[in-house]
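J.: Test case, fold it:
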Amino acid sequence: GVIMKLKVALCQMNVVDNKEKNIKKAISMIKKAKNEGSDIAILPEMFNCPYENEKFKEYAEFSEDSYTLKSIAETSKNENIHVLAGSIPEKEINTKTGKEKIYNTSFLFDDTGEILGYHRKMHLFDIDVKDKIYFKESDTLNSGNSVTVIDTKSKIGKIGIGICYDIRFLELSRIMSLKGAKILIYPGAFNLTTGPDHWELLFRSRALDNQVFTIGVSPSLNEFNSYHAYGHSIVCNPWGKIVKKASYEEELLISEIDLKEVDKVREELPILKNRRNDIYELKNLD
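T.: The predicted structure follows:
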């Protein structure tokens, strides 16, 4: 039969203002993940770049000529491990207008170093909480327009990918689940205002709503950066319970996942079957 158990490694790394150092740190964590028997290593959102609009411009790379992605491809191939490269600022030039766009993009590598697919963050993080935090990604970034479910053709199965703020949109998680994803992975960098109140709740909720595993991978808290990430990388199961959780510090968090749990929970509580498609439906228009 199919082996449904897999080991996932959440690389809660400390991101600094130095691309070279960030890539070195990512590589060392991927190697460590492989040494501990992981099937997939997951990096945080903007793992090669401080979370700042000006830095997105400075650090942005074209995917076909990306020093960051080449380094990760080489590592996933050498170590023979799948890697979800959290996200990087990805540049693209419009051939018609010559205008440059930057996306917040996550790339999935298989264990031979090939890119299986990518997700461009769909929902841009534009937030203004009075006296607490102001940040507008749309000042520099463009939004992606695709729901991303990637079939790894391995025991990892189909995974749905969103980035950070994408998790707040429950429609996206439901569509990914209906497309067959049993694991939803969201590299993300919540902040110290929303993190303590919403991060855990959102991952548990999306897991519970869709009866899937949800995984959130954040950078660790770095006081020297202007944006303070909450950390607390997390794995939740299809029953909506937390399986593993990190704290604020840099950490490699390894968790075993049994995909059979998805089917078990869906039999016990047939939420997806009991939806009233005769009364309401969710359309994916792409």
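J.: When you work out contacts or count neighbours from here on, use the C-alpha atoms and nothing else.
T.: Will do.
J.: Which elements pack onto the longest strand along the chain?
T.: If you go by DSSP state E, the chain has its longest strand at strand 82-93. Judged by 3 or more CA pairs under 8 Å, 6 or more residues apart in numbering; DSSP states H and E, strand 82-93 is in contact with strand 40-42, helix 53-59, strand 61-62, helix 67-79, strand 100-109.
J.: How about the residue nearest to residue 254 when sequence neighbours are not counted: which residues does it bridge to?
T.: Leaving aside its sequence neighbours, residue 254 sits nearest to residue 9 (CA to CA, 6 or more residues apart in numbering; 4.5 Å). The partner list for residue 9 in beta bridges (DSSP bridges) reads residue 41, residue 254.
J.: Now do residue 183 against residue 161, distance only.
T.: Look at residue 183 and residue 161: by CA to CA, to the nearest Å, they are 9 Å apart.
J.: ok, the two, which is more surrounded?
T.: Neighbours per residue, other CA atoms under 10 Å: of residue 183 and residue 161, the larger number sits with residue 161, 33 against 29.
J.: Now the more buried one. Its backbone dihedrals?
T.: Here is the backbone geometry of residue 161 (degrees, to the nearest 10): phi -120, psi 130.
J.: now stretch 132-139: how far from the chain's centre is it?
T.: 20 Å (CA atoms, centre = their mean, to the nearest Å).
J.: Any buried residues in it, and which?
T.: residue 137 (16 or more other CA atoms under 10 Å).
J.: what does that stretch rub up against?
T.: 53, 124-128, 193 (CA atoms under 8 Å, 6 or more residues apart in numbering).
J.: Can you tell me which of these has the most neighbours?
T.: Scoring the contacts of stretch 132-139 on neighbours with other CA under 10 Å, the highest-scoring entry is residue 124 at 20 neighbours.
J.: contacting residues around that residue?
T.: Neighbouring residues of residue 124 by CA under 8 Å, 6+ apart: 136-138, 141-143, 165-166.
J.: Going by distance to residue 115, which of these wins?
T.: residue 143 (20.6 Å; CA to CA).
J.: Please name the nearest non-neighbouring residue to the closest one.
T.: In space, residue 143 is closest to residue 122, 4.9 Å off (CA to CA, 6+ apart).
J.: ok, now residue 17?
T.: Residue nearest to residue 17 in three dimensions, not counting chain neighbours: residue 50, with 5.8 Å by CA to CA, 6+ apart.
J.: I'd like the contacts of residue 124 written out as TSV, with distance to residue 227 added.
T.: Shown next, in TSV, are the contacts of residue 124 (distance: CA to CA, whole Å):
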residue	distance to residue 227
136	12
137	12
138	16
141	16
142	20
143	21
165	15
166	19
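J.: just the residues you listed now: which is nearest residue 95?
T.: Relative to residue 95, and with distances defined as CA to CA, the nearest of the contacts of residue 124 is residue 142, at 16.2 Å.
J.: Neighbours of that closest one, how many?
T.: Here the number of neighbours of residue 142 (other CA under 10 Å) works out to 19.
J.: what residues are up against the closest residue to residue 92 other than its chain neighbours?
T.: Among residues not flanking residue 92 along the chain, residue 101 sits closest, at 5.2 Å (CA to CA, 6+ apart). Contacts for residue 101 (CA under 8 Å, 6+ apart) come out as 91-94, 141-142.
J.: do residue 77 as well
T.: So residue 77 contacts 110-113 (CA under 8 Å, 6+ apart).
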